[in-house]
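*Asks:* this one's sequence-less:
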Ligand SMILES: [Zn+2]
């Protein structure tokens with residue numbers, strides 16, 4: 001057999017489209033070409049795959065090898081197709097059997113020695129492999145993320161040799177289909193009970209948490225605005241499995257990754273006020289989710305709201321209304337969900353001490369009005385639930 005077909009999955013926004021890796025070995029001058037819109041990291045995979053195959057004592061065919069990653073119009077990125085390409089070459093050159101390959105989807109980057117290295121965005125792959133009833137063979141480091149999906153068959157592996165031995169029937173790799181039982185307790189050191197006094201703010205937070213309202217906290221520095229906001233997720237209910245799956249899929253796309261111990265907890269994101277618009281809503285030539293999507297089904301906390309750039313806050317307007325964000329780039333478009341609870345905090349006046357009992361505030365009413373009208377009010381106004389915190393004297 002000189003043609004082999006292997007299934008893998010790419011990434012496009014939150015979905016993981018099927019990528020068919022077709023390998024054809026034919027007579028001719030020895031060469032290897034990869035077609036199907038591969039990016040630099042995918043083109044480099046031919047060197048990794050060649051070294052991995054040779055270091056595993058297999059034969060690298062001295063023939064003309066053509067690798068096609070279909071569909072051709074989907075950009076392919078990263079080293080996630082290395083394992084599929086290596087198995088394709090071995091199958092097309094008759095070194096491993098081809099009969100059972102269609103039962104699997106393969107994911108993983110190869111080291112030069114044949115070790116399997118973890119890849120990103122595994123959860124969307126697992127969701128779709130499970131729907132098709134295929135077994136998912138992936139690097140062991142990615143196992144914890146994949147088994148979060150119910151009724152999936154996952155085969156973790158550490159080395160190309162182990163994968164080949166499994167496919168030829170010499171040994172059998174461990175098959176895992178049962179996710180470890182999930183903790184339904186919030187496993188965090190933060191606790192809303194840590195907040196002493198501040199009855200008005202606590203009441204406001206409880207109402208905001210119960211009704212999923214946005215909240216603006218207004219108070220002098222040091223009154224605990226940030227501390228209270230960080231504890232908001234602890235009074236929110238745990239996510240449903242559907243919500244957790246959405247939130248974890250977004251985290252899986254970013255460098256954050258998914259922590260199986262906390263995947264049912266509402267996320268909490270607190271970007272610094274120097275954050276750029278793409279950092280907040282997402283961006284990049286290969287669109288990646290921003291802070292508002294990472295906070296999907298959880299809390300986005302913007303401390304020192306007036307310090308944020310007006311243009312940055314303006315981009316929040318649309319996702320606040322629609323609950324999702326569409327990022328368009330020249331060669332592709334991606335849509336990410338962004339239904340988050342916005343908690344913002346600011347000082348009541350430029351010096352921060354308006355209304356303080358010490359009377360140290362010398363700001364004029366014009367200064368205060370200008371400060372409050374500065375740049376964020378248009379964004380917040382329709383969603384305003386402002387409560388004032390006072391100096392904590394308890
Ligand atoms: Zn002042």
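*Replies:* Great, that's in hand. Being a predicted model, the structure only gives us computed values, none of them experimental.
*Asks:* when you work out contacts or count neighbours from here on, use the C-alpha atoms and nothing else.
*Replies:* Will do.
*Asks:* residues near the residue nearest to residue 320 when sequence neighbours are not counted, how many?
*Replies:* Closest residue in space to residue 320, ignoring its immediate chain neighbours: residue 339 at 7.3 Å, by C-alpha to C-alpha, 6 or more residues apart in numbering. Residue 339 has 22 neighbours, counted by other C-alpha atoms under 10 Å.
*Asks:* same deal with the one 5 residues further on?
*Replies:* Applying the criterion other C-alpha under 10 Å, we find 23 residues in the vicinity of residue 344.
*Asks:* tell me the SS of it?
*Replies:* Put simply, residue 344 is strand when judged by DSSP: H, G, I helix; E, B strand; the rest coil.
*Asks:* picking up where we left off before, ok, the residue nearest to residue 320 to residue 55 distance?
*Replies:* In this structure, residue 339 and residue 55 are 48 Å apart, going by C-alpha to C-alpha, to the nearest Å.
*Asks:* avg pLDDT for the particular helix or strand that has residue 370 in it?
*Replies:* Applying DSSP states H and E as the criterion places residue 370 in helix 365-373. Here helix 365-373 scores 84 as its mean pLDDT.
*Asks:* now swap in stretch 145-155 and tell me
*Replies:* pLDDT averaged over stretch 145-155 gives 86.
*Asks:* what do you get for stretch 277-289?
*Replies:* Computed over stretch 277-289, the mean pLDDT rounds to 86.
*Asks:* kindly report the same for stretch 253-273.
*Replies:* For stretch 253-273, the mean per-residue pLDDT is 86.
*Asks:* can you check stretch 96-109 too?
*Replies:* 90.
*Asks:* can you give me the first-to-last residue distance of it?
*Replies:* 19 Å.
*Asks:* what does that stretch contact?
*Replies:* Contact partners of stretch 96-109, identified using C-alpha atoms under 8 Å, 6 or more residues apart in numbering, comprise 4-9, 79-84, 87, 90-91, 116-119, 129, 134-139, 164, 167-168.
*Asks:* hmm, which of the residues you listed are the buried ones?
*Replies:* Using 16 or more other C-alpha atoms under 10 Å as the burial test, these include 4-9, 79-84, 87, 90-91, 116-119, 129, 134-139, 164, 167 as buried.
*Asks:* near the ion too, which of those residues?
*Replies:* Contacts with the ion within the buried ones among the contacts of stretch 96-109, as defined by C-alpha under 5 Å from the ion: none are present.
*Asks:* what residues does this structure put near the ion?
*Replies:* Going by C-alpha under 5 Å from the ion, the residues of the chain near the ion are 349, 351, 353, 354, 361, 363.
*Asks:* give me that answer again for 6 Å
*Replies:* Neighbours of the ion within the chain, by C-alpha under 6 Å from the ion: 349, 350, 351, 352, 353, 354, 361, 362, 363.
*Asks:* burial of whichever residue of the stretch 101-250 of the chain sits closest to the ion, as a residue count?
*Replies:* Nearest to the ion in the stretch 101-250 of the chain, going by C-alpha to the ion, is residue 220, at a distance of 9.2 Å. The local packing of residue 220 (other C-alpha under 10 Å) involves 23 other residues.
*Asks:* shaky segments in the protein?
*Replies:* Across the chain, the ranges flagged by pLDDT under 70 are 1, 178-188, 374-394.
*Asks:* longest strand in it, by number of residues?
*Replies:* strand 18-26 (DSSP state E).
*Asks:* quick one, phi psi at residue 273?
*Replies:* Phi and psi for residue 273, reported as degrees, to the nearest 10, are phi -70, psi -10.
*Asks:* contacts only, for the residue nearest to it when sequence neighbours are not counted.
*Replies:* Closest residue in space to residue 273, ignoring its immediate chain neighbours: residue 308 at 4.9 Å, by C-alpha to C-alpha, 6+ apart. Taking C-alpha under 8 Å, 6+ apart, we find residue 308 in contact with 273, 274, 275.
*Asks:* now do the same for residue 7: helix, strand or coil?
*Replies:* Secondary structure of residue 7, per three-state DSSP, is strand.
*Asks:* nope, residue 34 is what I was after
*Replies:* Under three-state DSSP, residue 34 comes out as strand.
*Asks:* list the contacts of it.
*Replies:* If you count contacts by C-alpha under 8 Å, 6+ apart, residue 34 has them with 43, 66, 67, 68, 69.
*Asks:* among the residues you listed, which lie within strands?
*Replies:* 66, 67, 68, 69.
*Asks:* next, count neighbours for residue 330.
*Replies:* 7.
*Asks:* give me the contact list for the longest strand of the chain.
*Replies:* Against strand 18-26 from outside (C-alpha under 8 Å, 6+ apart): 2-10, 61, 63-71, 84-85, 88-89, 92-93.
*Asks:* repeat for stretch 151-158
*Replies:* With C-alpha under 8 Å, 6+ apart, stretch 151-158 has contacts from 115-117, 126, 129-130, 133-140, 142-143, 146-147, 163, 173-178.
*Asks:* mind listing which of those are in helices?
*Replies:* The members of those that map onto helices under DSSP state H are 126, 129, 130, 143, 146, 163.
*Asks:* what about those residues, which one has the most neighbours?
*Replies:* Highest neighbour count within the ones in helices among the contacts of stretch 151-158: residue 146, with 29 neighbours (other C-alpha under 10 Å).
*Asks:* I figured that one hits residue 123, correct?
*Replies:* Yes - using C-alpha atoms under 8 Å, residue 146 makes contact with residue 123 at a distance of 5.6 Å.
*Asks:* so how many other residues sit close to the closest residue to residue 279 other than its chain neighbours?
*Replies:* The shortest distance from residue 279 to any non-neighbouring residue, by C-alpha to C-alpha, 6+ apart, is to residue 290 (5.2 Å). Residue 290: 23 surrounding residues under other C-alpha under 10 Å.
*Asks:* for residue 128, see how far away residue 290 is.
*Replies:* Residue 290 sits at a distance of 23 Å from residue 128 (criterion: C-alpha to C-alpha).
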